[in-house]
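**Student:** Could you look at this predicted model? Sequence included:
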Amino acid sequence: ANYDAVSSNHNLVIGPRDYVYAVGSNTCKGGLHIIDFIDPKRPKTAGCYEDDGYIHDCQCEIYHGQDARYFGHEICFCG
């Protein structure tokens, strides 16, 4: 598969589900560029988080905390 929405990045973070996150990339002001890999033969852009600017690294997990709004969702801790 070919995915050309990102041409350079500092790191790729593999999420626990079907998403890959490019951080420190040439998109999203260096923030979180979210790639949907549900169909690995056809990856597509799923979103972009650029509000905090450059992200150097990230870890993504499934939330199992007490806040029902996010329970079961994939969340990322980035810096």
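**Tutor:** Received the coordinates, thanks.
**Student:** what about the strands in the chain?
**Tutor:** For the chain, the strands defined by DSSP state E cover 11-14, 19-23, 32-36, 44-49, 58-62, 74-78.
**Student:** Please name whichever of those strands is nearest to residue 5.
**Tutor:** strand 44-49 (5.2 Å; Cβ to Cβ). The C-beta positions use only the backbone N, C-alpha and C, and glycine is treated the same way.
**Student:** so who does the residue nearest in space to the middle of the chain touch?
**Tutor:** To find the centre residue of the chain, average its C-alpha atoms and take the closest one (Cα atoms, centre = their mean): that gives residue 21, at 2.7 Å. Residue 21 makes contact with 12-13, 15, 32-35, 58, 60, 76 under the criterion Cβ atoms under 8 Å, 6 or more residues apart in numbering.
**Student:** That one bridge partners, please.
**Tutor:** Here residue 21 sits in beta bridges with residue 13, residue 34, going by DSSP bridges.
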